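Chemist: no FASTA, just this:
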């Protein structure tokens, strides 16, 4: 099951006088990742490189930032992919220490920095969610709210008109069972609209 991480986590490695500061954090898209990388450059103006990798569906990226091609961004991306992560940005800020590490040494340093940050990061399973809308008579609003709370769903919108119109969201695996249970409890009093 794909996961994301709950909060940023960091690691630091010293390899042949070079300092590698690895961080992983939840990020929704490439624009947010690029803003974060720009902020890292501002926070670390003396750094030699800020390499990064992003797993975010169709917006994934791997950036070597001046390191030899394929020695930083791609290996970092592979660590994220191997751990089945989604919506995660991995960054490594490198301060060059004057000793060349070679291609193999760079790959190991960048992957280790990301792997060590991930070792302390809290993983959160990504659960697909489904949105429903419909309406119920006023007498059934309390039932709707109780059943939704019991199912762990969230009420996104409520409009009180001739009836109580609602928009709600539930975890995908529980969605159909909830609809059926609510319809039974309301004795057919729920009018469902097309789900989103």
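Modeler: Looks like it came in fine. Since the structure is predicted, the reported quantities are computational estimates derived from the model, not experimental observations. Residues are numbered from 1 along each chain as shown.

Chemist: Just the helices from this structure, written as ranges.
Modeler: 30-43, 73-82, 102-119, 141-151, 172-185 (DSSP state H).

Chemist: Any idea which of those helices gets closest to residue 91?
Modeler: The closest of these to residue 91 is helix 30-43. By Cβ to Cβ, the value is 5.9 Å. C-beta coordinates here come from the backbone N, C-alpha and C atoms, glycine included.

Chemist: ok, residue 4 - contacts?
Modeler: Residue 4 is in contact with 26, 85-88, 123-124, 126, counting by Cβ atoms under 8 Å, 6 or more residues apart in numbering.

Chemist: Filter the residues you listed down to the ones in strands?
Modeler: 26, 88, 123-124 (DSSP state E).

Chemist: re the thing from before, include distance to residue 16 and mean pLDDT when you put the helices of the chain into TSV, please.
Modeler: TSV is the format used below for the helices of the chain (distance: least, Cβ to Cβ, whole Å; pLDDT from 0 to 100):
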stretch	distance to residue 16	mean pLDDT
helix 30-43	22	94
helix 73-82	18	94
helix 102-119	8	94
helix 141-151	55	87
helix 172-185	49	84
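
Chemist: And those helices: which comes nearest residue 132?
Modeler: Using Cβ to Cβ, the helices of the chain put helix 172-185 closest to residue 132, at 6.8 Å.

Chemist: what's that closest one packed up against?
Modeler: Other helices and strands packing on helix 172-185, by 3 or more Cβ pairs under 8 Å, 6 or more residues apart in numbering; DSSP states H and E, are strand 129-136, helix 141-151.

Chemist: looking at those, which is buried most?
Modeler: strand 129-136 (a mean of 18; mean count of other Cβ atoms under 10 Å).

Chemist: what's that strand packed up against?
Modeler: Partner elements for strand 129-136 (3+ Cβ pairs under 8 Å, 6+ apart): strand 164-171, helix 172-185, strand 191-192.

Chemist: One more pass at 6 Å, please.
Modeler: Where contact means 3 or more Cβ pairs under 6 Å, 6 or more residues apart in numbering; DSSP states H and E, strand 129-136 is packed against strand 164-171, strand 191-192.

Chemist: Give me the mean pLDDT for the shortest one.
Modeler: Which is strand 191-192. Per-region confidence: strand 191-192 scores 84 on mean pLDDT.

Chemist: Please report how far residue 147 lies from residue 77.
Modeler: 43 Å (Cβ to Cβ, to the nearest Å).

Chemist: typed the wrong thing, it's residue 18
Modeler: On the measure of Cβ to Cβ, residue 18 and residue 77 end up 21 Å apart.

Chemist: What of residue 44?
Modeler: Residue 44 is 21 Å from residue 77, by Cβ to Cβ.
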